[in-house]
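Visitor: Please work out how this folds:
(chains A and B)
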Amino acid sequence: MSDVRPEDRGRGQVEPDPRTEPVTDLPSQGRIAVASSGGAMATVRRGLQLSPEILVGIWLTLALAAVSTLGRIIVPIGVQQTVDTGIVADGGPDVGRIVLLVVLAALAVLVTGLCSYVVNVRLFKATEAGLATLRIKAFRRIHDLSTLTQNTERRGALVSRVTSDVDTISTFVQFGGLILFISLGQIVVASVLMFVYSWWLALLVWGLFLPLFLSLRPLQKVLSVYFGRVRENIGLMLGGISESVVGADTIRAYGAEARTQKRIDAGVEQHRSSATRAGVFASTIFATGTLVSGLAVAAVVGVGVWFGAPGSLTIGELLAFLFLVQLFTQPVQIATEMLNELQNAIAGWRRVIAVLETEADVADPVDSDRATVIPPGPVTARFEDVSYAYPDGPLVLRGIDLEIPAQTRVAVVGETGSGKTTLAKLLTRLQDPAGGRILLNGVDLRDVPFSSLRRRVVLVPQEGFLFDVSLRDNIRLARPDAHDSDVDLVVTELGLQPWVAGLPHGLDTRVGQRGESLSAGERQLVAVARAYLADPDLLVLDEATSAVDPATEVRLNRALDGLTRGRTSVAIAHRLSTAESADLVVVVDAGRVVEVGSHAELVNAGGAYSVLHTSWVAQRSSVEA
Amino acid sequence: MPDSPTFREGLGVIGRGIRDEPRTFTLAVLGSALFGGALAGSGWVLGQVTDAVLVPAFRDGVVSASDAWAAAGAMALVGTLTAVGVIIRRGYATVTQYRLQARYRRAVSRQYLRLPLAWHRRHPTGQLLSNANADVEAAFAIFAPLPFSFGVAVMLVVAGVTMFDADPVLAAVAFTVLPMLVLANGFYQRVMSPRVARAQQLRADVSDVAHESFEGALVVKTLGRETEETTRFSDRSHELRRANVSVGRARGAFEPVIEALPTLGTLVVLAVGTVRVADGAIEAGVVVQIAYQLTLLAFPVRAIGWVLAELPRSTVGWRRVAAVLGAEGRMAFGTTTLPAAPDGRALSARGVDHDVVDPDGSTQRLLHGIDLDVPRGSTVAVVGSTGSGKSTLTTLLVRLVDPVAGRVLLDGTDVRDVVAGGLASTVAYVPQSTFVFDDTIRGNITLGLEDGPIGVGDDEVWAALRAARAEAFVRALPDGLDTRVGERGASLSGGQRQRLAIARALVRRPSVLVLDDATSAVDPTVEQQILAGLRGTDGVTVVVVAYRRSTISLADTVVHVVHGRVHDTGSHTELMGRDEAYRNLVEAYARDAAEREQLAAGGQA
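Guide: Numbering: from 1, shown residues only, chains lettered A, B, ... in the order given. Model (predicted):
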């Protein structure tokens, strides 16, 4: 896909919310845990609880799997029977008996094969259904989390929680898990048969394997440390490579190619060496298994013939035993490999569960008794002694008391970091206040169901994010049932027609990923058009037109005022032109409301607003001076 | 499938990997050959042991200690050789695989740093990242099972020779199973490939939906579209579920077949073997040997199937990697070295045209015959409405992109004739949105300058921060210049990021500074201070894209751009006098205020 108009591409805006908050390290509360706590069993239990479909009919599936495992012992038993009762039978080989045995065995193979097919299909259906549910639940939960929580994690990391982490689980359950189960079954069946043929040879084999079994867990732990390091290094490596792509402009402009390459090479090398180390370690464990298995066979031959030949064993039993040793060691080998995958799967499961265990700190009250729907119509908003602090941070808003009458146009002004954006977040309930409350027509914001709140109150953020569909569909996002003509009308009323006409396919132009074929200013136009289409009763604009040229901005603001409609609007203003045209100006400074009044009242009052305004006027008219 | 170009291409990828890492690959293959030979040999040894030791011992009821030791020793030897083979094979396969991955990741990222921005803009970020990561991995993942399959080939030869040597008839019976296995595997792969490919595609789709949806989380939330988004995601997830179940069906049908074939073969060997023993044609040991070998071979033979299964994935991965490696269009540099310019440089554009490629592949002219003159030491403001092409113009001036026609000149030299690195050392560009590297504040400002010929110390960095009005907030950071910023570090506000970017430009003491609306998120008063400071610096030529009148007021000349053409050029006062569109644009706020005042006054009257 080749998007692009190079102008103002949104590259480099990796950080999701580069707004006016002061520098903070990421908060530790209100974020998604890296992984859920709890042991492996607890994780599996919780995981199964969240995907109940996996357990539907699991007992039948496992029973069938057990039957199919039995298919594996057909060959050793066949060999023993053939040798003892056929080839070396008294009175020469008994061909008739052997043929009968072989036919019966072949039938058994077919039956167990059929069982194996049914097991596979049942397992896939059940786990896929269960994991689809888990995936969708986690996806929804991520959207339900507060913006603050969402922003504590990189988008890519959030995506992997609903994609690759879930895939790890499904791959494991369908491949590794089944193999692990069958392998364990095979170990049990082989052991039982070995004990039936010769308990002392069986003990010998177990004796040889015991150290390996016992060392598996500690080895596994070491291995998981190794692989954990690999995963970490993948992250670092990709981070480095992504800079060469996302920061391409800056790197070119500053000739920083060599430096970037050095950083990437270091990341690549780190990943290579850690991955190689982990791989070689895993190979060593596997080879040890092979060695033990070979030695077990040798021991069985030597010990078996020495103690068995005098009469406690038949030759057929000894030979069958050798096949059983194969049957025993193969799954042990495979199981060691699978245990590793099991750890990955549990790690994946933990990460998904962590999402679902993260409570939305801004919860939808839809199911609560207090839930109160706000009917359409003019909206009054009131802040009562509202304060706010970011997790682990100082108060950024304190003691805010503010009345926003219905049908007024309010401008909130203040310097960067004064808390005005936080005010907008609280008013649209992207965050809840730490103290005090915000009332909408007398109803506490926390009691308004989101379905009602998001219809009545719309925020236009500074960054206009666009989906990779047509311009028309992007605008329609605000009201999915809107007709094409409704969208056309919005464009006309906002005076955006000349702009739209200049696009290659008008409203049907595709905007590219994240809307990157449009400039930052153009994306803001779309965001405003959405809000206009949504037609809310309370409109909150957070520097929504900061990248738009002045003439267009003035035109948009006039249209948005919706004077005839009686909408309440609150604009977080970057330019004081907005304040000049507002009914009410709210001046925020260091987390407090320091002035409230009309532009006319405040402009000569000698307060904070006077100062801001003087500087603004100086800019606006310094040319004439 | 074996004749399709994919197969040949797959072989090509294998050949390339072998050429790149011949030593470790050969070691892996030798290890695998040892493994295969020893494993196949163990069956033969068992047959020999059966006939020479076991049968007589059990017949006579006694065995000599030396015989018992010899039997066990022979088996132990082949077992040990097998294990040694395994570790060499797997160890060096791992080394080979990761070396190849690292080699091509370096190559791909070098291309990213080398290829022109025009190329970057034709390729989505996500795709480029997956080229360097998942595609490189897919291309060389085949090197994990590959040495194994070479070993299997050795194993087949050894097994074949020993089996036919023991009894050609029984060996023939046993060997019919192997081609059937390979055939079944081939058929399996053919049925699986499209299903797996579809599942893979849907997995990517699910990921795309999630990515877009989470990136737009704020919009989704503020417009209350969570349910619609969940439905969109859920639809894709269920499609993926169905595709995965279809993979499961195919697997469920084939796995038992592939597992049953050697078992059935062994049973036939037993039956036929009994008949042969009854006829007196062979000894019991031969039956045991061949049955045992067949059991041993059944699993590794599938390694050939794994390689075949990996081939398409590997080919597709390599195609994507190769597309990056083979991408043409490097930004060519000339040989001209710019002389020192203590008084600044003159920048100009002559008849510059530029196109933009739309998502549908059509091109649109964005800039038409731009002529522009920025005398040395002067400040020029580029003014125009949203979408008029100002930013594109700035990227041409600093040669991030070359124009399709016309020339950009720096002190009369076409910027395309300047040596590599020549422009970056004298021209600084600050884009509208700041890219912050995952590094310290210092690293973000110097971008490697401290290791360069000039050498930049902390004093220079602080001076640049001071000029960008960023000193105060950096001083307030816990670790000062050493504070990590970027994705894993402290988060900065938009205005702070922009000031950092300006400091990044200033620390280089550029002779030309191009600011593309680079102070949009900075407080107006602070912006004033920064720009006034710049203007006071001697020997700096400044081009600034701006809306604010205060910014424009600092310019000696204003260039008004309308729909990608220079509409008018002159001083602000001149343009105010004769260019109505300019007046409308620049005066918008004042006019709006005036109109509102009039309205208010009218209302009161």
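Visitor: switch to C-alpha atoms for all contacts and neighbour counts from now on
Guide: Noted.
Visitor: Tell me which helix or strand the closest residue to chain B within the stretch 151-300 of chain A sits in.
Guide: Per C-alpha to the nearest C-alpha, residue A:294 is where the stretch 151-300 of chain A lies closest to chain B, at 4.0 Å. Following DSSP states H and E, one finds residue A:294 within helix A:257-303.
Visitor: go on, residue B:368?
Guide: strand B:363-374.
Visitor: shaky segments in chain B?
Guide: By pLDDT under 70, the low-scoring segments of chain B are B:1-6, B:302, B:305-306, B:309, B:358-361, B:450-455, B:486-491, B:536, B:596, B:599-605.
Visitor: quick one: residue B:353 is in a helix?
Guide: No: counting by DSSP: H, G, I helix; E, B strand; the rest coil, residue B:353 is not part of a helix but strand.
Visitor: just checking, it touches residue B:366?
Guide: Yes: if you go by C-alpha atoms under 8 Å, residue B:353 and residue B:366 touch, sitting 7.5 Å apart.
Visitor: Residue B:74 is in contact with the residue of the stretch 151-300 of chain A closest to chain B, correct?
Guide: No: if you go by C-alpha under 8 Å, residue A:294 and residue B:74 don't touch, sitting 10.6 Å apart.
Visitor: Which one's more surrounded, the two?
Guide: Using other C-alpha atoms under 10 Å in any protein chain shown as the criterion, residue A:294 and residue B:74 rank with residue A:294 on top: 25 against 18.
Visitor: which residues touch stretch A:345-352?
Guide: By C-alpha atoms under 8 Å, 6 or more residues apart in numbering or on different chains, the residues outside stretch A:345-352 that reach it are A:33-37, A:40, A:43-44, A:47, A:138, A:161-162, A:165-166, A:168-169, A:172.
Visitor: again, but for stretch A:433-442
Guide: By C-alpha under 8 Å, 6+ apart, stretch A:433-442 touches A:374, A:379-389, A:399, A:426-427, A:444-445.
Visitor: Would you mind finding the longest helix in chain A?
Guide: helix A:95-144 (DSSP state H).
Visitor: just chain B next, same as before
Guide: Chain B, longest helix under DSSP H: helix B:226-279.
Visitor: re earlier: with only the CA atoms kept, save the strand holding residue B:368 in CSV.
Guide: Taking C-alpha atoms only, strand B:363-374 is exported to CSV below (Å, rounded to 0.1, in the frame of the first residue of the first chain):
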residue,chain,number,x,y,z
THR,B,363,-0.1,10.6,-8.6
GLN,B,364,-1.2,14.1,-8.0
ARG,B,365,0.9,17.2,-8.4
LEU,B,366,1.3,18.9,-5.1
LEU,B,367,3.8,21.6,-5.9
HIS,B,368,3.8,23.6,-9.2
GLY,B,369,6.9,25.5,-10.3
ILE,B,370,7.9,26.8,-7.0
ASP,B,371,10.5,29.7,-7.1
LEU,B,372,11.8,30.9,-3.8
ASP,B,373,14.8,33.0,-2.6
VAL,B,374,16.1,33.1,0.9
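Visitor: for that strand, which positions count as buried?
Guide: Residues of strand B:363-374 classed as buried: B:366-374 (neighbour count, 16 or more other C-alpha atoms under 10 Å in any protein chain shown).
Visitor: Within its sheet, name the partner strands of it and how each one runs.
Guide: Strand B:363-374 has the following strand partners under DSSP bridges: strand B:347-357 (antiparallel).
Visitor: which other residues reach the partner strand?
Guide: Contacts for strand B:347-357 (C-alpha under 8 Å, 6+ apart): A:2-6, B:363-376, B:397, B:403-412.
Visitor: same deal with stretch B:56-67?
Guide: By C-alpha under 8 Å, 6+ apart, the surrounding residues in contact with stretch B:56-67 are A:305-306, A:308-311, A:314-315, B:53.
Visitor: how about a cut-off of 6 Å?
Guide: A:309-310 (C-alpha atoms under 6 Å, 6 or more residues apart in numbering or on different chains).
Visitor: How about stretch A:230-239?
Guide: Stretch A:230-239 is contacted by residues A:267-268, A:271, A:274-275 when judged by C-alpha under 6 Å, 6+ apart.
Visitor: if we go to 8 Å?
Guide: By C-alpha under 8 Å, 6+ apart, the surrounding residues in contact with stretch A:230-239 are A:264, A:267-268, A:270-271, A:274-275, A:278, B:129, B:133, B:438.
Visitor: Just send the residues you listed back as CSV, with neighbour count and distance to residue B:287 too.
Guide: Below are the contacts of stretch A:230-239 laid out as CSV (neighbours: other C-alpha atoms under 10 Å in any protein chain shown; distance: C-alpha to C-alpha, whole Å):
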residue, neighbour count, distance to residue B:287
A:264, 25, 59
A:267, 22, 56
A:268, 26, 53
A:270, 19, 53
A:271, 25, 50
A:274, 21, 47
A:275, 25, 45
A:278, 22, 42
B:129, 21, 56
B:133, 21, 50
B:438, 18, 67
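Visitor: of all the residues you listed, which two lie farthest apart?
Guide: Greatest spatial distance among these (C-alpha to C-alpha): A:278 and B:438, at 26.8 Å.
Visitor: And the strands in the stretch 451-600 of chain A, which stretches?
Guide: Assigned by DSSP state E, counting those that start in this stretch, the stretch 451-600 of chain A shows strands spanning A:457-460, A:538-542, A:568-572, A:584-589, A:592-597.
Visitor: likewise chain B?
Guide: B:347-357, B:363-374, B:379-384, B:405-410, B:413-414, B:427-430, B:512-516, B:541-545, B:557-562, B:565-570 (DSSP state E).
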